[in-house]
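Student: Structure of the sequence below:
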Amino acid sequence: MIGDQITTETRTLEQRGLPTDSYFVVVFTDGSERTEHSTNWSALSDDQYVQFGDRKKVVQTCKFPVREITIHHGELETTISAEDGEEVYQSFTSSATQQSDGSTSQQILGRKVGRVKNGVVVEEKFIDTRLSEVTGIKF
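Tutor: Okay, here's the model as predicted:
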């Protein structure tokens, strides 16, 4: 099973500096699954330059074949189903603010999840914590 090939993370979300109410669930094409509670996305993914509308961006696409990925953040969740030949990615969106004492504070603005086909983003969804809504775009 694909899920058995992936390194298990023993630290909790909190120990890794992640919110406890924000996580992904990936279901692979063989039916096995992994969650952020036991898996770092970096253990599943590789950086990839992709076309996003009229610009390029870097996303961390899953290197294993995925049936669907769900992201949860607070009370909101959204799912993207991948078709044959597509890859999925997910990430946090955050804002960093420089404090007067020289430290930096970060605020999570939401989470993104998307699917890529032949190096082009075909769909992306965003959980927006400021507006408490899920938005999306299809190309």
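Student: The most centrally placed residue in the chain pairs with what?
Tutor: By C-alpha atoms, centre = their mean, the chain has its centre lying nearest to Gln90, at 1.7 Å. Judged by DSSP bridges, the bridge partners of Gln90 are Val113.
Student: Could you check the pLDDT of it?
Tutor: Looking at Gln90, its pLDDT is 97.
Student: do Glu124 as well
Tutor: 98.
Student: quick one: it and Thr135 touch, right?
Tutor: No - using C-beta atoms under 8 Å, Glu124 is not in contact with Thr135; the gap is 9.3 Å. (Each C-beta comes from the backbone N, C-alpha and C, glycine too.)
Student: So those two - more neighbours on which side?
Tutor: Glu124 (20 against 12; other C-beta atoms under 10 Å).
Student: Please spell out which residues along stretch 70-79 are buried.
Tutor: The neighbour-count check on stretch 70-79 (16 or more other C-beta atoms under 10 Å) flags Thr70, Ile71, His72, His73, Leu76, Thr78 as buried.
Student: Please name the nearest non-neighbouring residue to the fifth one.
Tutor: Translated: Leu76. Ile127 (4.9 Å; C-beta to C-beta, 6 or more residues apart in numbering).
Student: Of the buried residues of stretch 70-79, just say which sits nearest to Leu18.
Tutor: His73 (10.9 Å; C-beta to C-beta).
Student: ok, now which ones touch that closest one?
Tutor: His73 is in contact with Pro19, Asp21, Ser22, Ile108, Gly110, Arg111, Ile127, Thr129, counting by C-beta atoms under 8 Å, 6 or more residues apart in numbering.
Student: ok, now with 10 Å
Tutor: 19, 21-24, 92, 108, 110-111, 126-129, 132, 134 (C-beta atoms under 10 Å, 6 or more residues apart in numbering).
Student: Equivalent analysis for Ala43, please.
Tutor: Ala43 sits next to Gln5, Ile6, Thr7, Thr8, Glu9, Arg34, Lys63 when contact means C-beta under 10 Å, 6+ apart.
Student: Which of the residues you listed has the largest number of neighbours?
Tutor: Arg34 (25 neighbours).
Student: That residue is in contact with Ser45, isn't it?
Tutor: No - applying C-beta atoms under 10 Å as the test, Arg34 and Ser45 come out as separate, 11.7 Å apart.
Student: That concludes my questions; thank you for your assistance.
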